[in-house]
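Undergrad: Fold the following.
(one chain, ligands or ions: 1)
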Amino acid sequence: MKNMKTRITELLGIEYPIIQGGMAWVAEHNLAAAVSEAGGLGLIGAANAPAEWVRDEIRKTREMTDKPFGVNIMLLSPHAEEVAKIVAEEKVKVVTTGAGNPEKYLEMWKAAGIKVIPVVASTALARRMERCGVDAVVAEGCESGGHIGELTTMALVPQIADAVEIPVIGAGGVGDGRGMAAMFMLGAEAVQIGTRFVVSNESIVHENYKQRIISAKDIDSVVTGRSTGHPVRTIRNKTTREYLKLEKEGASFEELEHLTLGGLRKAVVEGDVAYGSVMAGQIAGLISKEQSCKEIIEELMTETEALFRRCGTWVN
Ligand code: TUI
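TA: Next up is the predicted model:
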(Lines give C-alpha, C1' and ligand atoms only; values in the text may rest on other atoms or scores of the structure.)
Protein backbone atom coordinates (compact mmCIF):
# COMPACT_ATOMS: atom_id res chain seq x y z
CA MET A 1 0.00 0.00 0.00
CA LYS A 2 1.52 3.27 -1.09
CA ASN A 3 -0.62 5.77 0.66
CA MET A 4 -3.22 5.70 3.38
CA LYS A 5 -3.05 9.10 4.97
CA THR A 6 -5.56 9.98 7.67
CA ARG A 7 -5.67 12.69 10.32
CA ILE A 8 -3.91 10.19 12.61
CA THR A 9 -0.94 9.51 10.31
CA GLU A 10 -0.56 13.27 9.88
CA LEU A 11 -0.93 14.05 13.59
CA LEU A 12 1.66 11.47 14.62
CA GLY A 13 3.98 11.65 11.62
CA ILE A 14 3.72 7.92 10.91
CA GLU A 15 3.52 6.04 7.63
CA TYR A 16 0.63 3.66 8.37
CA PRO A 17 -2.49 4.14 10.52
CA ILE A 18 -1.51 1.36 12.93
CA ILE A 19 -0.78 1.84 16.62
CA GLN A 20 0.54 -0.87 18.91
CA GLY A 21 -1.29 -1.44 22.21
CA GLY A 22 0.53 -0.39 25.39
CA MET A 23 0.52 -3.87 26.86
CA ALA A 24 1.83 -4.41 30.40
CA TRP A 25 5.12 -6.40 30.54
CA VAL A 26 5.03 -6.84 26.73
CA ALA A 27 5.26 -3.34 25.29
CA GLU A 28 8.90 -2.54 26.08
CA HIS A 29 11.60 -0.95 23.93
CA ASN A 30 12.19 -3.89 21.56
CA LEU A 31 8.55 -4.09 20.49
CA ALA A 32 7.94 -0.33 20.46
CA ALA A 33 11.02 0.33 18.32
CA ALA A 34 10.16 -2.50 15.90
CA VAL A 35 6.61 -1.25 15.33
CA SER A 36 7.80 2.34 14.85
CA GLU A 37 10.61 1.27 12.50
CA ALA A 38 7.99 -0.62 10.46
CA GLY A 39 5.99 2.59 9.98
CA GLY A 40 3.38 2.24 12.76
CA LEU A 41 3.39 3.87 16.18
CA GLY A 42 5.18 1.77 18.80
CA LEU A 43 4.29 2.26 22.45
CA ILE A 44 6.04 1.57 25.72
CA GLY A 45 3.49 0.28 28.22
CA ALA A 46 4.22 1.85 31.61
CA ALA A 47 1.58 -0.36 33.30
CA ASN A 48 2.50 -0.70 37.00
CA ALA A 49 6.24 -0.13 36.43
CA PRO A 50 8.25 2.45 38.37
CA ALA A 51 8.94 5.76 36.64
CA GLU A 52 12.69 5.13 36.31
CA TRP A 53 11.99 1.96 34.33
CA VAL A 54 9.87 4.03 31.96
CA ARG A 55 12.62 6.65 31.54
CA ASP A 56 15.12 3.92 30.79
CA GLU A 57 12.80 2.32 28.22
CA ILE A 58 12.24 5.69 26.51
CA ARG A 59 15.99 6.13 26.17
CA LYS A 60 16.53 2.59 24.92
CA THR A 61 13.79 3.04 22.31
CA ARG A 62 15.42 6.28 21.14
CA GLU A 63 18.66 4.36 20.60
CA MET A 64 16.83 1.90 18.34
CA THR A 65 14.71 4.26 16.23
CA ASP A 66 14.49 7.86 15.06
CA LYS A 67 10.81 7.44 14.25
CA PRO A 68 7.96 8.61 16.50
CA PHE A 69 6.90 6.39 19.38
CA GLY A 70 4.80 6.86 22.50
CA VAL A 71 4.20 5.81 26.09
CA ASN A 72 0.96 4.33 27.43
CA ILE A 73 0.21 5.31 31.02
CA MET A 74 -2.06 2.99 32.99
CA LEU A 75 -3.84 5.41 35.31
CA LEU A 76 -4.54 2.86 38.06
CA SER A 77 -0.80 2.45 38.59
CA PRO A 78 0.62 3.64 41.93
CA HIS A 79 3.38 5.27 39.84
CA ALA A 80 1.07 7.06 37.36
CA GLU A 81 1.79 10.53 38.74
CA GLU A 82 5.54 10.12 38.55
CA VAL A 83 5.40 8.52 35.10
CA ALA A 84 3.23 11.41 33.93
CA LYS A 85 6.04 13.82 34.94
CA ILE A 86 8.75 11.75 33.31
CA VAL A 87 7.07 11.62 29.89
CA ALA A 88 6.82 15.42 30.03
CA GLU A 89 10.49 15.76 31.05
CA GLU A 90 11.57 13.40 28.30
CA LYS A 91 9.29 15.19 25.82
CA VAL A 92 7.89 11.93 24.51
CA LYS A 93 6.05 12.59 21.26
CA VAL A 94 2.79 10.75 22.09
CA VAL A 95 1.06 9.65 25.29
CA THR A 96 -1.89 7.29 25.41
CA THR A 97 -3.66 6.57 28.68
CA GLY A 98 -5.77 3.66 29.88
CA ALA A 99 -8.08 2.61 32.69
CA GLY A 100 -9.16 6.09 33.76
CA ASN A 101 -9.47 9.82 33.14
CA PRO A 102 -6.13 11.65 32.53
CA GLU A 103 -7.56 15.18 32.92
CA LYS A 104 -5.25 16.32 35.70
CA TYR A 105 -2.12 15.72 33.59
CA LEU A 106 -3.27 17.34 30.35
CA GLU A 107 -1.96 20.84 31.01
CA MET A 108 1.51 19.53 31.83
CA TRP A 109 1.60 17.29 28.75
CA LYS A 110 0.32 19.93 26.35
CA ALA A 111 2.92 22.38 27.72
CA ALA A 112 5.57 19.78 26.84
CA GLY A 113 4.21 19.56 23.28
CA ILE A 114 2.97 16.00 23.70
CA LYS A 115 0.16 14.58 21.55
CA VAL A 116 -2.35 13.10 24.01
CA ILE A 117 -4.61 10.19 23.08
CA PRO A 118 -6.70 8.72 25.92
CA VAL A 119 -8.21 5.26 25.57
CA VAL A 120 -11.94 5.54 26.25
CA ALA A 121 -14.72 2.98 26.56
CA SER A 122 -17.71 5.36 26.47
CA THR A 123 -18.97 8.37 24.50
CA ALA A 124 -19.22 10.38 27.74
CA LEU A 125 -15.49 10.14 28.42
CA ALA A 126 -14.69 10.70 24.71
CA ARG A 127 -16.68 13.97 24.72
CA ARG A 128 -15.15 15.09 27.99
CA MET A 129 -11.65 14.41 26.67
CA GLU A 130 -12.38 16.38 23.51
CA ARG A 131 -13.50 19.36 25.60
CA CYS A 132 -10.23 19.15 27.54
CA GLY A 133 -8.30 19.49 24.28
CA VAL A 134 -6.87 16.01 23.64
CA ASP A 135 -5.67 15.27 20.11
CA ALA A 136 -7.55 12.01 19.42
CA VAL A 137 -9.11 9.10 21.31
CA VAL A 138 -8.76 5.34 21.13
CA ALA A 139 -12.21 3.72 21.23
CA GLU A 140 -11.47 0.31 22.74
CA GLY A 141 -14.17 -2.37 22.71
CA CYS A 142 -14.42 -5.32 25.07
CA GLU A 143 -12.97 -7.76 22.52
CA SER A 144 -9.58 -6.44 23.69
CA GLY A 145 -7.30 -8.28 26.04
CA GLY A 146 -6.55 -6.98 29.53
CA HIS A 147 -8.67 -4.38 31.33
CA ILE A 148 -11.86 -3.74 29.36
CA GLY A 149 -15.04 -1.67 29.27
CA GLU A 150 -18.63 -2.81 28.61
CA LEU A 151 -19.30 -2.13 24.94
CA THR A 152 -18.22 -4.11 21.91
CA THR A 153 -16.00 -2.49 19.30
CA MET A 154 -18.78 -2.73 16.70
CA ALA A 155 -21.12 -0.64 18.87
CA LEU A 156 -18.54 1.66 20.47
CA VAL A 157 -16.50 2.94 17.52
CA PRO A 158 -19.32 4.47 15.42
CA GLN A 159 -20.96 6.02 18.48
CA ILE A 160 -17.70 7.67 19.51
CA ALA A 161 -16.99 8.73 15.91
CA ASP A 162 -20.36 10.52 15.97
CA ALA A 163 -19.83 11.98 19.44
CA VAL A 164 -16.54 13.80 18.72
CA GLU A 165 -14.87 15.81 15.95
CA ILE A 166 -11.32 14.73 16.81
CA PRO A 167 -9.99 11.60 15.09
CA VAL A 168 -10.84 8.17 16.51
CA ILE A 169 -8.58 5.12 16.64
CA GLY A 170 -10.51 1.84 16.75
CA ALA A 171 -9.36 -1.01 18.98
CA GLY A 172 -10.54 -4.40 20.16
CA GLY A 173 -10.77 -7.45 17.91
CA VAL A 174 -8.54 -6.26 15.07
CA GLY A 175 -6.15 -8.99 13.91
CA ASP A 176 -6.02 -8.69 10.13
CA GLY A 177 -6.95 -6.50 7.16
CA ARG A 178 -10.63 -7.41 7.44
CA GLY A 179 -10.77 -6.07 10.99
CA MET A 180 -8.77 -3.01 10.00
CA ALA A 181 -10.99 -2.21 6.99
CA ALA A 182 -14.07 -2.72 9.17
CA MET A 183 -12.73 -0.23 11.70
CA PHE A 184 -12.41 2.39 8.94
CA MET A 185 -15.98 1.65 7.85
CA LEU A 186 -17.09 2.33 11.43
CA GLY A 187 -15.50 5.76 11.37
CA ALA A 188 -12.00 5.15 12.74
CA GLU A 189 -8.94 6.77 11.15
CA ALA A 190 -6.44 4.26 12.54
CA VAL A 191 -6.41 0.99 14.46
CA GLN A 192 -4.73 -0.05 17.69
CA ILE A 193 -3.53 -3.65 17.69
CA GLY A 194 -2.30 -5.63 20.70
CA THR A 195 -2.61 -9.40 20.56
CA ARG A 196 -1.12 -9.83 17.09
CA PHE A 197 2.00 -7.89 18.12
CA VAL A 198 2.38 -10.09 21.22
CA VAL A 199 3.10 -12.90 18.76
CA SER A 200 5.76 -10.96 16.82
CA ASN A 201 9.42 -11.95 16.58
CA GLU A 202 10.42 -8.80 18.41
CA SER A 203 8.01 -9.37 21.31
CA ILE A 204 9.91 -10.49 24.41
CA VAL A 205 7.08 -12.58 25.88
CA HIS A 206 7.88 -16.17 26.79
CA GLU A 207 7.53 -18.68 23.94
CA ASN A 208 4.77 -20.50 25.89
CA TYR A 209 2.71 -17.29 25.87
CA LYS A 210 3.07 -16.91 22.10
CA GLN A 211 2.19 -20.58 21.56
CA ARG A 212 -0.88 -20.25 23.80
CA ILE A 213 -2.17 -17.41 21.60
CA ILE A 214 -1.33 -19.31 18.42
CA SER A 215 -3.18 -22.41 19.65
CA ALA A 216 -6.15 -20.44 21.03
CA LYS A 217 -9.61 -21.15 19.65
CA ASP A 218 -12.32 -18.50 19.21
CA ILE A 219 -13.94 -19.24 22.58
CA ASP A 220 -10.75 -19.52 24.64
CA SER A 221 -10.82 -16.09 26.28
CA VAL A 222 -12.80 -15.25 29.42
CA VAL A 223 -13.48 -12.16 31.49
CA THR A 224 -12.68 -12.29 35.19
CA GLY A 225 -13.19 -9.52 37.74
CA ARG A 226 -16.64 -8.32 36.65
CA SER A 227 -17.68 -8.48 40.33
CA THR A 228 -14.78 -6.28 41.46
CA GLY A 229 -15.34 -3.55 38.87
CA HIS A 230 -12.04 -4.37 37.12
CA PRO A 231 -12.96 -6.78 34.34
CA VAL A 232 -9.93 -8.33 32.63
CA ARG A 233 -9.89 -10.53 29.52
CA THR A 234 -7.39 -13.39 29.49
CA ILE A 235 -7.02 -16.84 27.95
CA ARG A 236 -8.85 -19.43 29.99
CA ASN A 237 -6.68 -21.57 32.31
CA LYS A 238 -6.58 -23.13 35.79
CA THR A 239 -6.49 -19.73 37.50
CA THR A 240 -9.39 -18.23 35.54
CA ARG A 241 -11.51 -21.31 36.35
CA GLU A 242 -10.72 -20.95 40.05
CA TYR A 243 -11.30 -17.18 39.89
CA LEU A 244 -14.71 -17.50 38.22
CA LYS A 245 -15.72 -20.18 40.74
CA LEU A 246 -14.72 -17.92 43.65
CA GLU A 247 -16.48 -14.97 42.04
CA LYS A 248 -19.69 -17.01 41.76
CA GLU A 249 -19.37 -17.93 45.43
CA GLY A 250 -19.13 -14.23 46.34
CA ALA A 251 -15.45 -14.17 47.34
CA SER A 252 -14.00 -10.91 48.68
CA PHE A 253 -11.95 -8.48 46.58
CA GLU A 254 -8.84 -9.37 48.64
CA GLU A 255 -9.28 -13.08 48.08
CA LEU A 256 -9.66 -12.59 44.32
CA GLU A 257 -6.73 -10.16 44.15
CA HIS A 258 -4.53 -12.66 45.94
CA LEU A 259 -5.26 -15.26 43.28
CA THR A 260 -4.07 -13.09 40.37
CA LEU A 261 -1.35 -11.01 42.01
CA GLY A 262 1.77 -11.10 39.82
CA GLY A 263 -0.04 -13.33 37.35
CA LEU A 264 0.88 -11.40 34.20
CA ARG A 265 4.57 -11.45 35.06
CA LYS A 266 4.30 -15.17 35.73
CA ALA A 267 2.89 -15.77 32.25
CA VAL A 268 4.98 -13.26 30.26
CA VAL A 269 8.35 -13.77 31.95
CA GLU A 270 8.20 -17.32 33.35
CA GLY A 271 5.95 -18.79 30.66
CA ASP A 272 3.52 -20.22 33.22
CA VAL A 273 0.43 -20.19 31.03
CA ALA A 274 -1.44 -22.69 33.25
CA TYR A 275 -1.51 -20.46 36.35
CA GLY A 276 -0.37 -17.04 35.12
CA SER A 277 -2.50 -14.32 33.55
CA VAL A 278 -2.41 -14.75 29.74
CA MET A 279 -3.98 -11.46 28.65
CA ALA A 280 -5.14 -11.59 25.02
CA GLY A 281 -8.05 -10.36 22.94
CA GLN A 282 -10.89 -12.38 21.43
CA ILE A 283 -9.06 -12.29 18.09
CA ALA A 284 -6.38 -14.69 19.46
CA GLY A 285 -8.17 -17.53 17.66
CA LEU A 286 -7.37 -15.88 14.32
CA ILE A 287 -3.65 -15.54 14.95
CA SER A 288 -1.77 -18.52 13.58
CA LYS A 289 1.90 -17.64 13.28
CA GLU A 290 4.79 -15.58 14.56
CA GLN A 291 6.03 -12.86 12.20
CA SER A 292 8.17 -9.75 12.38
CA CYS A 293 6.40 -6.46 13.13
CA LYS A 294 7.29 -5.35 9.60
CA GLU A 295 5.63 -8.43 8.08
CA ILE A 296 2.55 -7.95 10.26
CA ILE A 297 2.16 -4.30 9.27
CA GLU A 298 2.79 -4.98 5.57
CA GLU A 299 0.26 -7.82 5.57
CA LEU A 300 -2.36 -5.69 7.33
CA MET A 301 -1.89 -2.90 4.80
CA THR A 302 -1.97 -5.21 1.75
CA GLU A 303 -5.15 -6.93 2.96
CA THR A 304 -6.84 -3.65 3.82
CA GLU A 305 -5.99 -2.15 0.45
CA ALA A 306 -7.36 -5.22 -1.40
CA LEU A 307 -10.64 -4.92 0.52
CA PHE A 308 -10.96 -1.22 -0.24
CA ARG A 309 -10.40 -1.95 -3.94
CA ARG A 310 -13.09 -4.62 -3.81
CA CYS A 311 -15.49 -2.11 -2.22
CA GLY A 312 -14.83 0.11 -5.26
CA THR A 313 -15.86 -2.67 -7.66
CA TRP A 314 -19.11 -3.26 -5.75
CA VAL A 315 -20.38 0.25 -6.41
CA ASN A 316 -19.12 0.77 -9.98
O1 TUI B 1 -6.06 -0.19 30.14
C2 TUI B 1 -6.35 -0.97 29.28
N3 TUI B 1 -5.98 -2.26 29.30
C4 TUI B 1 -5.23 -2.84 30.29
S5 TUI B 1 -4.56 -2.04 31.63
C6 TUI B 1 -3.94 -3.45 32.20
S7 TUI B 1 -3.04 -3.55 33.67
C8 TUI B 1 -4.30 -3.94 34.76
N9 TUI B 1 -4.30 -5.16 35.27
C10 TUI B 1 -5.24 -5.51 36.13
C11 TUI B 1 -6.26 -4.64 36.51
C12 TUI B 1 -6.31 -3.42 35.96
C13 TUI B 1 -5.31 -3.06 35.05
C14 TUI B 1 -4.23 -4.48 31.37
N15 TUI B 1 -4.94 -4.10 30.30
N16 TUI B 1 -7.09 -0.59 28.21
C17 TUI B 1 -7.59 0.74 28.09
C18 TUI B 1 -8.93 0.85 28.67
N19 TUI B 1 -9.31 1.88 29.34
N20 TUI B 1 -9.91 -0.06 28.59
C21 TUI B 1 -10.97 0.47 29.26
C22 TUI B 1 -10.59 1.70 29.72
C23 TUI B 1 -11.31 2.67 30.44
C24 TUI B 1 -12.38 2.31 31.24
C25 TUI B 1 -13.07 3.28 31.96
C26 TUI B 1 -10.94 4.01 30.37
C27 TUI B 1 -11.61 4.96 31.08
C28 TUI B 1 -12.67 4.60 31.86
O29 TUI B 1 -13.37 5.56 32.50
C30 TUI B 1 -12.97 5.93 33.77
C31 TUI B 1 -13.49 7.27 34.17
O32 TUI B 1 -12.98 7.79 35.14
O33 TUI B 1 -14.41 7.77 33.49
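
Undergrad: Next one, pLDDT for the residue in the chain that the ligand sits nearest to please.
TA: Nearest residue of the chain to the ligand: residue 146, at 2.2 Å (Cβ to the nearest ligand atom). In this view, the C-beta of every residue, glycine as well, is placed from N, C-alpha and C. Reading off the confidence values, residue 146 has pLDDT 97.

Undergrad: Nearest spatial neighbour of it, chain-adjacent residues omitted?
TA: Spatially, and ignoring its direct neighbours in sequence, residue 146 is nearest to residue 279 (4.5 Å; Cβ to Cβ, 6 or more residues apart in numbering).

Undergrad: and that neighbour, how many neighbours?
TA: Per other Cβ atoms under 10 Å, the neighbour tally for residue 279 reads 27.

Undergrad: and it, what is it in contact with?
TA: For residue 279, the contacting residues are 23, 24, 145, 146, 232, 233, 234, 235, 264, 267, by Cβ atoms under 8 Å, 6 or more residues apart in numbering.

Undergrad: mind running it again at 7 Å?
TA: Taking Cβ atoms under 7 Å, 6 or more residues apart in numbering, we find residue 279 in contact with 145, 146, 232, 233, 234, 264.

Undergrad: Identify the farthest-apart pair in those residues.
TA: Across the contacts of residue 279, no pair lies farther apart than 233 and 264, at 12.3 Å, counting by Cβ to Cβ.

Undergrad: The helix or strand residue 107 falls within near the ligand at all?
TA: Take DSSP states H and E as the rule and residue 107 turns out to sit in helix 106-111. No: judged by Cβ under 6 Å from any ligand atom, helix 106-111 makes no contact with the ligand; its nearest approach is 13.8 Å.

Undergrad: Let me know the average pLDDT across the helix or strand just after that helix.
TA: The element immediately downstream of helix 106-111 (helix or strand, assigned by DSSP H and E) is strand 115-120. For strand 115-120, mean pLDDT is 98.

Undergrad: Relative to strand 115-120, what are the paired strands and their orientations?
TA: If you go by DSSP bridges, strand 115-120 pairs up with strand 94-98 (parallel), strand 137-140 (parallel).

Undergrad: hmm, back to that, bridged to the residue nearest to residue 146, which residues?
TA: Bridge pairing for residue 279 - DSSP bridges - gives residue 234.

Undergrad: picking up where we left off before, how about the helix holding residue 107, which residues are buried there?
TA: For helix 106-111, a neighbour-count test (16 or more other Cβ atoms under 10 Å) marks 106, 109, 110 as buried.

Undergrad: With pLDDT added, can I get those residues in JSON lines?
TA: Output for the buried residues of helix 106-111, formatted as JSON lines (pLDDT from 0 to 100):
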{"residue": "106", "pLDDT": "98"}
{"residue": "109", "pLDDT": "98"}
{"residue": "110", "pLDDT": "97"}
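
Undergrad: Give the buried residues for stretch 162-181.
TA: By 16+ other Cβ under 10 Å, the buried positions in stretch 162-181 come out as 163-164, 166-177, 179-181.

Undergrad: Out of the residues you listed, list just those in strands.
TA: Among the buried residues of stretch 162-181, the members found in strands (DSSP state E) are 168, 169, 170, 171.

Undergrad: tally of neighbours for the closest residue to residue 250 other than its chain neighbours?
TA: Of all residues not flanking residue 250 in the chain, residue 227 sits nearest, at 8.0 Å (Cβ to Cβ, 6+ apart). Look at residue 227: counted by other Cβ under 10 Å, it has 17 neighbours.

Undergrad: who touches residue 246 in this structure?
TA: Applying Cβ under 7 Å, 6+ apart, one finds that residue 246 lies in contact with 255, 256, 259.

Undergrad: element containing it, please.
TA: Going by DSSP H and E, residue 246 is in helix 238-248.

Undergrad: For the stretch 201-316 of the chain, what lies in contact range of the ligand?
TA: Counting by Cβ under 6 Å from any ligand atom, the residues of the stretch 201-316 of the chain lying close to the ligand are 230, 232.

Undergrad: Quick one: low-confidence residue ranges for the stretch 201-316 of the chain.
TA: For the stretch 201-316 of the chain, the stretches with pLDDT under 70 are 316.

Undergrad: rerun that using 90 as the cut-off
TA: By pLDDT under 90, the weakly predicted segments of the stretch 201-316 of the chain are 311-316.

Undergrad: Please, where are all the helices along it?
TA: All helices of the stretch 201-316 of the chain, identified by DSSP state H, counting those that start in this stretch, fall at 207-215, 238-248, 253-260, 263-268, 293-315.
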